[in-house]
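J.: fold the following.
(one chain, ligands or ions: 1)
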Amino acid sequence: MRGSRGGNFETPQRVETTVGTEVQENKRVCELRWDLEMTPPTTGGIRSDAAGDGHFGSPRGSRTHKGTDFACYPGEPVSAPMSGEVYRIARPYADDDRWLGVAIRNSEYKAKLFYVDPYFSLIGSHVREGDCIKSAQDITQRYPDQGMAPHVHLEIKDKDGYLDPETLI
Ligand SMILES: [Zn+2]
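T.: Numbering: from 1, shown residues only. Here you go, the predicted structure:
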């Protein structure tokens, strides 16, 4: 029953102290996020549809999925999942150069994003986590009539191999 004794001067001081603590705490959490976490490339959740499950390790014929698929709408702005150098265009299909993406690297990780129409001017330059790298393609045009949802594929490697992107986001 705080305030029932009418502490006119104490109450505002308590509030001020609490708010100050929260600001400090939020600042600390943001700094941790900046250091440890990545940004999802689209605003959609993880794809799961008739054509496949977008989680890391899901079956893909005789193989498993080496990344995470984030649902999107075609043309949606795509964010860089991490800070680093955009060191090359990525091409998911050797036999079909309509489909594009980017490869980004930093001191810890290499990330590849597929089915993204990139700003070619970014090649060779640095992006920060969350920077717009342009827009999502419509991968369902390659796999029509399979019930596939449009999505962007993200895969991340460190020096030991592929990682589950969900553990980093
Ligand atoms: Zn995928």
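
J.: where does residue 121 sit: helix, strand or coil?
T.: helix (DSSP: H, G, I helix; E, B strand; the rest coil).

J.: for it, give me its contacts.
T.: Listed by Cβ atoms under 8 Å, 6 or more residues apart in numbering, residue 121 has no contact partners. Bear in mind the C-beta positions are built from the backbone N, C-alpha and C, glycine included.

J.: next one, pLDDT for it please.
T.: At residue 121, the predicted lDDT confidence score is 96.

J.: residue 57 - how many residues pack around it?
T.: Residues near residue 57, counting by other Cβ atoms under 10 Å, number 13.

J.: how far away is whichever residue of the chain sits closest to the ion from residue 81?
T.: Ranking the residues of the chain by distance to the ion (Cβ to the ion) places residue 153 first, at 3.4 Å. Here residue 153 is placed at a distance of 11 Å from residue 81 (Cβ to Cβ, to the nearest Å).

J.: equivalent analysis for residue 125, please.
T.: For residue 125, the distance to residue 81 - Cβ to Cβ - is 16 Å.

J.: so which of these two has more stuff around it?
T.: Ranked by neighbour count (other Cβ under 10 Å), residue 125 and residue 81 place residue 81 first, with 28 against 10.

J.: can you count the residues close to residue 59?
T.: Residues near residue 59, counting by other Cβ under 10 Å: 10.

J.: repeat that for the one 4 residues further on.
T.: Applying other Cβ under 10 Å, we find 7 residues neighbouring residue 63.

J.: please report phi then psi for it.
T.: Main-chain torsions, residue 63, degrees, to the nearest 10: phi -110, psi -170.

J.: how about it: which residues does it bridge to?
T.: On the basis of DSSP bridges, residue 63 is bridged to residue 60.

J.: which residues touch the residue nearest the centre of the chain?
T.: Centroid-nearest residue in the chain, with Cα atoms, centre = their mean: residue 40, separated by 1.9 Å. Residue 40 makes contact with 70, 79, 81, 169 under the criterion Cβ under 8 Å, 6+ apart.

J.: nice, that's everything, thank you.
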